[in-house]
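> Structure for this input, please:
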Amino acid sequence: MANWGIASTAPEIEKIKAEMADYLHGLNSCAEIDYSIYSQLFDFSLPLIQKAYELGKKEAKQVSKQEKQNDSKKY
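Numbers count the residues shown, from 1 in each chain. Next comes the predicted model:
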C-alpha cells in the first residue's frame, strides 16, 4: 500500500496503522465496501491494532524478565 503521509522514521505501530488505513481506503475507493462499512472497520480496527501492540510489548517484557530469572538460576 502507499502509506501516504507516514514518514519512514515513524514508529512501527504508526506504520502498521497507516498500512491498515490505506488498505481500508483502497477497498472503499474501489467500491468493494461502502463508506459506512469503511468507517466502522476503521473505527474498530485501528484501536484494536493499538491494543494488540501494547499487549505484545507487555508480554515481551514478561518473557524477557523470565529469561533473565532463568539465566540467573543457572549460575
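
> Any buried residues in the helix or strand harbouring residue 49, and which?
Using DSSP states H and E, residue 49 sits within helix 35-74. Judged by neighbour count (16 or more other Cβ atoms under 10 Å), helix 35-74 contains these buried residues: 38, 41, 46, 49, 53. Heads up, the C-betas are built off the backbone N, CA and C, glycines and all.

> Can you tell me which of those residues lies closest to residue 23?
Nearest to residue 23 among the buried residues of helix 35-74 is residue 41, at 9.5 Å by Cβ to Cβ.

> Excluding residues flanking it in the chain, which one is nearest the closest one?
In space, and not counting its chain neighbours, residue 41 is closest to residue 24: 5.4 Å by Cβ to Cβ, 6 or more residues apart in numbering.

> and that neighbour, how far is that from residue 72?
46 Å (Cβ to Cβ, to the nearest Å).

> And for residue 42?
Relative to residue 72, and taking Cβ to Cβ, residue 42 is found at 46 Å.

> Could you do residue 34 as well?
57 Å.

> and if you look at residue 20?
40 Å.

> Pull the contacting residues for the residue lying closest to residue 16 once chain neighbours are set aside.
Closest residue to residue 16 apart from its sequence neighbours, by Cβ to Cβ, 6+ apart: residue 49 at 5.9 Å. Contacts for residue 49 (Cβ atoms under 8 Å, 6 or more residues apart in numbering) come out as 13, 16, 17, 20.

> what does residue 60 give?
Applying Cβ under 8 Å, 6+ apart, no residues contact residue 60.

> Pull up the gap between residue 28 and residue 11, please.
25 Å.

> And those two? Which one has more around it.
A direct count of neighbours by other Cβ atoms under 10 Å for residue 28 and residue 11 places residue 28 higher, at 18 against 10.

> isn't the more buried one right up against residue 38?
Yes - judged on Cβ atoms under 8 Å, residue 28 makes contact with residue 38 at a distance of 3.9 Å.
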